[in-house]
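Engineer: What follows is a predicted structure for the sequence shown.
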Amino acid sequence: MKHNELETKNELQEKSLFDKTVGRRSFLQYAGAGAAGIALVAAGCKKDRGYDNPTMGGATLDFKDDFGVLNYAYALEQLEAAFYIKVASAPPASFTAAQKAYFQDIQFHEIAHREFFKAALSTAAIGSLEVDFSSIDFTSSASVLGAAMAFEDLGVAAYNGAGPRIKNGTYLLLAGKIVSVEARHAAYVRDLISNGSFADLNSLAPLGANNAAGLDAALTPDKVLAIAGKYIKTKINVINL
């Protein structure tokens, strides 16, 4: 894990926004770095709420204030980061060179997002979650792409659904920057599976997602956690929702 985080810092520092050619891959990379980098200003607004090691009895998400929402986002970013780290370390054999490169870039984005929330929350952060990816066949490109699509669609819907709960304008702005990056991930993964399907939310329709108006889905935390729970071993307690 530390090796990947060091690579993240080095890669982001070595890239220049002033390169003459900025392709799709570079745009994704800069978008991820920008959202996470700007978001660090929220670290100055943290409170000490005594959540230093909550995973001993599970993780508690208390939605009575913004810190519950930020911990909710932190939990989802932990899940996504763990998934992409696993894929990037041993991608399916049928992945093209371009796909391997893109998934490595997305890995860096998710690590940056995860580490932002951890730093911003400080001692108010929930602990590290234990994940369960036993239902995913990491040797199969179809299985990996399907899981990536599910995670990205769910992540976008989660941020959109949590937005109205955020009271602090700074946090809301920064969450908006991060969800815009997650939406780019979702569009890219969907395009790999089926060209032009980047805005198709049929997989989330049973949960109330509807993009008939051309908007991304928005799901409440209870619906999101019910789906994400399949991949999380750590017990997550939700209060004041």
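Structural biologist: Happy to help now that I have it.

Engineer: tell me, how many neighbours does E130 end up with?
Structural biologist: Here the number of neighbours of E130 (other C-beta atoms under 10 Å) works out to 13. For every residue, glycine as well, the C-beta is placed using N, CA and C.

Engineer: gap between it and Q107?
Structural biologist: 19 Å (C-beta to C-beta, to the nearest Å).

Engineer: Kindly report the same for K177.
Structural biologist: 19 Å.

Engineer: If you count surrounding residues, which of these two has more?
Structural biologist: Q107 (23 against 16).

Engineer: quick one, what contacts the more buried one?
Structural biologist: Shown in contact with Q107 (C-beta atoms under 8 Å, 6 or more residues apart in numbering): 4, 81, 84-85, 87-88.

Engineer: ok, so of those, who is nearest V224?
Structural biologist: The shortest approach to V224 among the contacts of Q107 belongs to A81, at 16.7 Å (C-beta to C-beta).

Engineer: and that closest one, what does it touch?
Structural biologist: The contact partners of A81, taken as C-beta under 8 Å, 6+ apart, are 107, 110-111, 113-114.

Engineer: quick one: low-confidence ranges for the protein?
Structural biologist: Counting by pLDDT under 70, the chain contains low-confidence residues at 1-57, 196-215.

Engineer: just so I have it, where are all the helices in it?
Structural biologist: 2-14, 24-39, 66-89, 97-121, 141-162, 169-193, 221-228 (DSSP state H).

Engineer: before we move on, back to that, out of the contacts of A81, which is most surrounded?
Structural biologist: Among the contacts of A81, the one with the most neighbours (other C-beta under 10 Å) is E110, at 29 neighbours.

Engineer: check contacts around that one.
Structural biologist: With contact taken as C-beta under 8 Å, 6+ apart, E110 is in contact with 77, 80-81, 83-85.

Engineer: run the last query once more with 7 Å
Structural biologist: For E110, the contacting residues are 77, 80-81, 84, taking C-beta atoms under 7 Å, 6 or more residues apart in numbering as the criterion.

Engineer: Equivalent analysis for F83, please.
Structural biologist: 133, 147, 151.

Engineer: ok, 8 Å please
Structural biologist: F83 is in contact with 110, 131, 133, 136, 147-148, 151, 231, counting by C-beta under 8 Å, 6+ apart.

Engineer: Output those residues in CSV, with distance to N168 appended to each entry.
Structural biologist: Listed next are the contacts of F83 as CSV, based on distance: C-beta to C-beta, whole Å:
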residue, distance to N168
E110, 23
V131, 29
F133, 33
I136, 35
A147, 33
A148, 31
F151, 26
Y231, 29
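
Engineer: looking at the residues you listed, which has the most residues close by?
Structural biologist: Ranking these using other C-beta under 10 Å puts E110 first, with 29 neighbours.

Engineer: ok, now how distant is that one from A73?
Structural biologist: 12 Å.

Engineer: do F117 as well
Structural biologist: 6 Å.

Engineer: got the buried residues for stretch 234-241?
Structural biologist: For stretch 234-241, a neighbour-count test (16 or more other C-beta atoms under 10 Å) marks 234, 236 as buried.

Engineer: Do I have it right that A175 meets A158?
Structural biologist: No: shown here, A175 and A158 do not form a contact pair, counting by C-beta atoms under 8 Å, at 10.2 Å.
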